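**Q** Sequence and computational prediction follow.
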Amino acid sequence: MVSEVFTFLVGGKAGEGVKKAGSVAAHIFSSLGRHVFQMDDYMSLIRGGHNFSVISTSPRWISSHYIKANLVVNFDKRSCETHMNDIAENGIMIFNSDEQDLENGIGIPLSSEVEKYSMKKLMFGVGAVAILAANIGFKKENMNQIIEDEYPSGIEDNIAFANKIYDMVYPDCGKKFILEKGDKKRPIVTGNEAISLGAIAGGLNVYYGYPMTPTSSILHFLAQQAENFGLAVVHAESEIAVINMAIGSAFTGARAMVGTSGGGFALMTEGFSLAGITEAPVLVILSQRPGPATGVPTYTEQADLAFALTAGHGDFLRIVASPRTVREAYYLTAEMLDLVWKFQTPGILLTEKHLSESSMTIEIDIENSKWAEPKMHKNGDYKRYLNTDDGISPMVFPPSKHVIKWNSYEHDEFGITTENAEKISFMHDKRNKKLEALIKYLKGQETVKKIYGEHPTNIFTYGSTYMSVLEALKYGRMNPTTIAPIYLSPLPIWELMEFKNQDNIVIEQSSTEQFTRLLKEKAGLEIRTTIKQYDGRPFDPIDLSNKIKEVLQ
Amino acid sequence: MENLKTYAEITYCPGCGNFGIFTAIRNVIPLLEQKGIKRENIIMTAGIGCHGKIFDYLNLSGIYGLHGRNCSNSEGIKIANPDLKVINFSGDANGLAEGLEHTMFAAKRNQDITFILHNNSVYALTTGQFSPLAEKGWKGPSTPKGSYEEPFNPISLMIEAGATFVARGFSGDIKHLTDLIVQGVEHEGFAFIEVLQPAVPYHNWEEYRDHIKYLEKEPENYFEAIKAAKKNHKFTVGVFYRTRKPVYHEELYGAYNPVTKKISRDTRLDKIRKTLESK
């Protein structure tokens, strides 16, 4: 059977190597030159529960996983129950016959085979890789090589076990799926890795974080890469410390970044406001998970948009942008780092668990990234908050003969506290000028992605939901115009004017339609309806495609 | 010493203990310069409260941060560029109420900064509420019947947290205080200096002068230091604890400096290319 998209789903308990098996499968597909999209669904626990990894692959660019899988491998009963309806037409389920007996699907005594070896837990994952290899007719020696590379401990046992499982399933479903080769092998990168590498490309010097899903993996990746790239990476005592440390580092000229999710960002907002008045360039990675409060830690949502746009007390310029794809996350992080330094104000790269923790094959033109450079003071007396035409005061960093004062109180141009009425409004006006300067600059950049189609209805979306929408449109063979703003503050209204008085619909992941409201209020767009999902799960392209079909006129 | 003053109008109350600290720090800077520490390398931070006013008066670079949070600014400065010497001014509420976690963690990490705690045992700027170092029974607008809480012992607290230089000074003995601050800045590691300083609307100088004692002998080890801190609570001045431990930024990246030794764009892009090839 040959089809354009092939999907592999593997499910089991936390600790059985589900995610690892998913990523090994993704590498098998990418080694065939195919595009890959991997989504990991996991619970907030260390052992047990139910986790699954779903990987869709195609010779063409693919921007979402499909929940209906051609090959489903379940390690336990709970996984079988959960994914009973996730088997695509002509798909098969391979289950652990030591856990239950099922009429449909192929049972393999996974547990009793695993029992034969001393190291057990991750072996379920090795078994899943072997099952996949047999199903797609991957040669044993290639499979063995991959197992050797990917599972460095207990290589001999793993290979013996994998060969046993391969042989068990081969008679029933060997070479069941023929995967057409793609054009070339591409790296597989998670959203958080793309964000981290983009920040490094943009000039990052220091990163501060406090562990919180879904940005902990930025902290982990950068901590691991710190020496390689000459970074200081610090796990601090709280998000409050994190943002204030970043401001301290920015004072020395260090390109500083922090990462968190909604709850952690709530703690950062006072410091975010400090960055506003001190004009400290600080970039916050805000990756959303379902709220309010602790919410649903390991799932996805887009309900912190309104919060991000207004975060922090007082009037100041906030730059907010959201990457649509993993590839764009690389460029946009570097670009945002540059922007916060150009305009000396805090910025937020707003994303979601779905982008942060999903993996994709990507192609990056590495050279094409921005490099953060501030406007520097040249000569003469120095005033930290010098009033200029565009409101941007040239910078100096210590050690310097000049006295550099960053002040959280309202201040004069030198940086000394003031309560003088004229000076207060003067400094507000000075800072407010930066918005005009930023808009002028952004008018020369790509701030909204528009794909023009041939349908009277337009679709608006943003962030990683864009990827779900594109895949749904491809699946459903629909081509309405699709508009995705990359910048959300300032919202590029100049790019959206043309859609006024047209038939517009929005697709987003917020129960109260925060993005819809933004478009209505800021851009004055008419929105006929909003397709929304707020169950913590990203859209499935087939399901979304059906919903779009219903609302297209 | 005069060029260490800015043009800002000084608004401490007449007779305020903060004058003594302001004078001491202006004595300290030239002494540090004599020892080879350049003025341009000395950075200060202040939080919010009467102590923070020093930021406007002292003609040095730095950050006037949020209430309770300037210690994190100080740490961020030191981590990014360890060539800089950071002097962190704080009140007892700024450093031990709103900012307690940061003060404790900076000590725990042995961050190489000098933390000067202006102890007036009251929230002066916000009209006299009890503070973390106020005596139990302090009658302020938020505790009309007197506060119910015992004050912290900041000296034993900081020794326990991991500070490697812990001392107490008095703003009425500027010479002694100047000497303590110089030692604190020269010390490699987290130097904590509590400074007794009356806020005159709430306390008078006699309450201090009548009780001030000088520590006879500097304790030689951790347990002696804790003992001395407990025994000589509140009015005894001197160095209570001094030890050597690795400083945070050196543990983090050795002799590196993230700002002055920043890796070039080209090298970064090459390394990113290699990282991607392995993915």
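**A** Happy to help now that I have it.
**Q** Helix or strand: which one has A:Ile147?
**A** Using DSSP states H and E, A:Ile147 sits within helix A:140-150.
**Q** Give me the buried positions along that helix.
**A** A:Lys140, A:Met143, A:Asn144, A:Ile146, A:Ile147, A:Glu150 (16 or more other CB atoms under 10 Å in any protein chain shown). In short, each C-beta sits where N, CA and C put it, glycine included.
**Q** what's the angle from the helix or strand just after that helix to helix A:140-150?
**A** Going down the chain from helix A:140-150, the next helix or strand is helix A:155-173, by DSSP H and E. Calculated by axes from the mean of the first three to the mean of the last three CA atoms, to 10 degrees, helix A:155-173 forms an angle of 140 degrees with helix A:140-150.
**Q** Show me what helix A:155-173 is packed up against.
**A** strand A:87-96, strand A:106-108, helix A:110-114, helix A:123-135, helix A:140-150 (3 or more CB pairs under 8 Å, 6 or more residues apart in numbering or on different chains; DSSP states H and E).
**Q** so which of the ones you listed is the most packed in?
**A** helix A:123-135 (a mean of 28; mean count of other CB atoms under 10 Å in any protein chain shown).
**Q** From the chain's centroid, how far away is that one?
**A** Chain-centre distance of helix A:123-135: 28 Å, with CA atoms, centre = their mean, to the nearest Å.
**Q** for the residue in chain B that chain A sits nearest to, what are its contacts?
**A** Closest approach of chain B to chain A (CB to the nearest CB) occurs at B:Gly76, with a separation of 2.5 Å. Counting by CB atoms under 8 Å, 6 or more residues apart in numbering or on different chains, B:Gly76 touches A:Val206, A:Tyr208, A:Asn244, A:Met245, A:Ala246, A:Ile247, A:Gly248, A:Ser249, A:Ala250, A:Phe251, A:Ala256.
**Q** what's the closest non-adjacent residue to it?
**A** A:Gly248 (2.5 Å; CB to CB, 6 or more residues apart in numbering or on different chains).
**Q** my guess is B:Leu215 meets B:Tyr241, correct?
**A** No. Judged on CB atoms under 8 Å, B:Leu215 makes no contact with B:Tyr241 at a distance of 10.8 Å.
**Q** These two: which is more packed in?
**A** B:Tyr241 (24 against 16; other CB atoms under 10 Å in any protein chain shown).
**Q** related to what we said a few turns ago, and the contacts of B:Gly76, which is closest to chain B?
**A** Closest to chain B, out of all of these and judged by CB to the nearest CB, is A:Gly248, at 2.5 Å.
**Q** any idea how far B:Ile43 is from that closest one?
**A** 9 Å (CB to CB, to the nearest Å).
**Q** What distance separates the opening and closing residues of stretch A:439-446?
**A** End-to-end span of stretch A:439-446 (CA to CA, to the nearest Å): 12 Å.
**Q** Name the residues of it that come out as buried.
**A** A:Leu442.
**Q** Now it: average pLDDT?
**A** Mean pLDDT, computed over stretch A:439-446, is 97.
**Q** starting at the chain centroid, how far to that stretch?
**A** Taking CA atoms, centre = their mean, one finds the center of stretch A:439-446 at 24 Å from the center of the full chain.
**Q** So what touches it?
**A** A:Glu335, A:Lys342, A:Ile486, A:Tyr487, A:Pro490, A:Pro492, A:Trp494.
**Q** which of the residues you listed count as buried?
**A** A:Glu335, A:Lys342, A:Ile486, A:Tyr487, A:Pro490, A:Pro492.
**Q** Just name the closest of these to chain B, please.
**A** A:Glu335 (14.4 Å).
**Q** Can you tell me the element that closest one falls in?
**A** Counting by DSSP H and E, A:Glu335 is found in helix A:326-343.
**Q** How about A:Tyr534?
**A** Using DSSP H and E, no helix or strand contains A:Tyr534.
**Q** got any ranges where chain A has weak pLDDT?
**A** By pLDDT under 70, the low-scoring segments of chain A are A:1-2, A:121.
**Q** Repeat the analysis, applying 80 as the threshold.
**A** Scanning chain A for pLDDT under 80 picks out A:1-3, A:119-121, A:553.
**Q** Next, count neighbours for A:Gly11.
**A** 30.
**Q** Quickly list what it is bridged to.
**A** A:Gly11 has these beta-bridge partners by DSSP bridges: A:Phe52, A:Asn74.
**Q** Please list all residues in contact with it.
**A** A:18, A:50-53, A:72-76, A:79, A:82-83.
**Q** Between those residues, which sits nearest chain B?
**A** Looking across the contacts of A:Gly11 and measuring by CB to the nearest CB, the closest to chain B is A:Ser53, at 17.0 Å.
**Q** For the stretch 151-279 of chain B, just list every one of the strands.
**A** B:165-170, B:191-196, B:213-214, B:236-242 (DSSP state E, counting those that start in this stretch).
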